[in-house]
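Engineer: Next one to model:
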Amino acid sequence: MVGAILVILVPFLIFAIVLSKGKGAFLLAGYNTMSDSEKEKYREEELCKFMSKIMFGICFSILLIALSEYFKIQFLLIIGLILIIGLIVFSMVYSNTGNRFKTDSKDSY
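Structural biologist: Okay, here's the model as predicted:
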């Protein structure tokens, strides 16, 4: 079971590292399906860096879940699940409110 969880963790970690460099926006659901004119309205690098932080948090949550299975400590499982659910809810609310990643009309890209 721990091995299977770690198999899930590695791709998430790689994805987080790619996003932290401001690359890989084509892998973000929703963003990759936008037209080019829609994509120009967003600051791609900032969006990638924000999502990388969320992905690192999810990786940490998955690691806690794996450690709970390995050491048979249910408290780690509960913390991991609360953290992963909280991160997902926070990221959805934060990224979809306030136009945080949209470019201003003054910006020249």
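
Engineer: residue ranges with poor pLDDT in the protein?
Structural biologist: Where the chain drops to pLDDT under 70, the residues are 105-109.

Engineer: let's go with 80 and repeat that
Structural biologist: By pLDDT under 80, the low-scoring segments of the chain are 104-109.

Engineer: Break down it into its helices, ranges please.
Structural biologist: Ranges of helices in the chain, per DSSP state H, are 2-20, 36-39, 44-71, 74-96.

Engineer: Comparing these, which comes out most buried?
Structural biologist: Highest mean neighbour count among these (mean count of other C-beta atoms under 10 Å): helix 44-71, with a mean of 18. For every residue, glycine as well, the C-beta is placed using N, CA and C.

Engineer: follow-up on the earlier one: mind giving me TSV with the helices of the chain and columns for distance to residue 27?
Structural biologist: Formatted as TSV, the helices of the chain follow (distance: least, C-beta to C-beta, whole Å):
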stretch	distance to residue 27
helix 2-20	7
helix 36-39	14
helix 44-71	9
helix 74-96	15
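
Engineer: and of the ones you listed, who's closest to residue 104?
Structural biologist: Closest approach to residue 104 among the helices of the chain is made by helix 44-71 (12.3 Å; C-beta to C-beta).
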